[in-house]
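**Q** just to be clear, the model below is a prediction. Sequence and coordinates:
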Amino acid sequence: MGKLITETPYSEITATMELLDSFGVSREDLTRFRKASWELKTRVAGLIIHGVSHSATISVDYNMPLKAMIVSGLYDWVNKNITEEHFPIAESGVANITVELVQFGRKILFDDAVAELRRRDLRPATLAELLAFGNAFPMEQCRYPIVALGSDAIVDRLRYVAFISKEGSDRVLDLESTFGYFFGNARFLAVCNKDL
């Protein structure tokens with residue numbers, strides 16, 4: 001048995017119960033969970049530990065202006081070059097898509113990362129899809145940078161892609177050059193090709 005019970009302050013336990021209550025979880029639900037199958041318990045524990053561990057379905061409103069997408073994400077800081085002029089949204093309509101967070105576990109170049117995603121039958125996510133993901137899972141970027149390779153822009157003669165991450169206590173939306181390596185801790189947001 002781990003140290004979760006002995007090391008967790010009572011105030012944190014109370015806050016967790018209040019959060020579950022706000023989502024309509026009852027004592028009976030917790031009892032059912034304790035009696036649930038090992039597979040279900042493992043899946044729930046994995047979601048708590050890893051967040052979106054493999055895939056998730058998100059809704060993307062491609063008709064929403066980019067500025068509104070950014071505002072709805074409640075970012076503490078946004079790179080001033082993330083504009084509709086640099087990142088026009090080509091898609092239209094509203095779509096439910098299945099996305100995955102892919103980690104290569106090593107430094108990787110832009111072209112190699114795109115090729116590896118395609119080899120896995122995945123499409124690099126666009127900026128609109130990254131913003132929809134950040135809106136649906138706002139704390140995931142506090143664990144690692146999440147990059148969207150499917151939209152790029154030329155700024156000051158260099159090509160950039162957008163990513164979301166954490167700097168200090170701030171959630172940020174920033175740009176990364178495609179010239180160098182992406183580091184091994186980055187996750188790459190990708191769309192399952194079955195949704196295309």
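**A** Perfect, thanks for sending it. Residues are numbered from 1 along each chain as shown.
**Q** skip the chain neighbours and tell me the closest residue to A153.
**A** Distances taken as C-beta to C-beta, 6 or more residues apart in numbering place H86 nearest to A153, at 3.7 Å, with adjacent residues excluded. From N, CA and C alone the C-beta is placed, and that goes for glycine too.
**Q** now stretch 70-77: buried residues?
**A** By 16 or more other C-beta atoms under 10 Å, the buried positions in stretch 70-77 come out as 70, 73, 75.
**Q** let's see which of these end up in strands.
**A** Per DSSP state E, strands hold no members of those.
**Q** from those, which single one is nearest I154?
**A** Checking those against I154 by C-beta to C-beta gives I70 as the nearest, at 19.8 Å.
**Q** residues contacting the closest one?
**A** 78, 82, 131, 173 (C-beta atoms under 8 Å, 6 or more residues apart in numbering).
**Q** low-scoring stretches of this protein, by residue?
**A** Residue ranges of the chain with pLDDT under 70: 1-2, 23, 39-40, 42-54, 194-196.
**Q** try 90
**A** Scanning the chain for pLDDT under 90 picks out 1-13, 15-55, 104-106, 139, 143, 169, 183-185, 193-196.
**Q** show me it divided up by domain.
**A** The record assigns the chain these domain ranges, following automatic domain parsing: 4-50, 55-195.
**Q** quick check: which of those is buried the most?
**A** Among those, ranked by average contacts under mean count of other C-beta atoms under 10 Å, first place goes to domain 55-195 (a mean of 17).
**Q** wait, isn't N63 in contact with A95?
**A** No - using C-beta atoms under 8 Å, N63 makes no contact with A95, being 10.6 Å away.
**Q** so where do the strands sit in the chain?
**A** 55-61, 77-78, 94-102, 108-109, 122-124, 146-155, 158-167, 170-177, 181-182, 187-192.
**Q** thinking again about what came up before, so the residue nearest to A153 sits against V155, correct?
**A** Yes - counting by C-beta under 8 Å, V155 is a contact partner of H86 at 6.4 Å.
**Q** CSV for the buried residues of stretch 70-77, including distance to R123?
**A** Formatted as CSV, the buried residues of stretch 70-77 follow (distance: C-beta to C-beta, whole Å):
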residue, distance to R123
I70, 22
G73, 22
Y75, 24
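**Q** among these, name the ones in helices.
**A** Counting by DSSP state H, these place I70 in helices.
**Q** for S55, state which of the buried residues of stretch 70-77 is nearest.
**A** Comparing the buried residues of stretch 70-77 against S55 with C-beta to C-beta picks out G73 as the nearest, at 20.7 Å.
**Q** and the closest one, its phi and psi?
**A** The phi/psi pair for G73 (degrees, to the nearest 10) reads phi -80, psi -10.
**Q** quick one: contacts for it?
**A** Shown in contact with G73 (C-beta under 8 Å, 6+ apart): 131, 134-135, 138, 164, 171, 173.
**Q** what about A153, distance to E84?
**A** Noted for A153: a distance of 10 Å to E84, by C-beta to C-beta, to the nearest Å.
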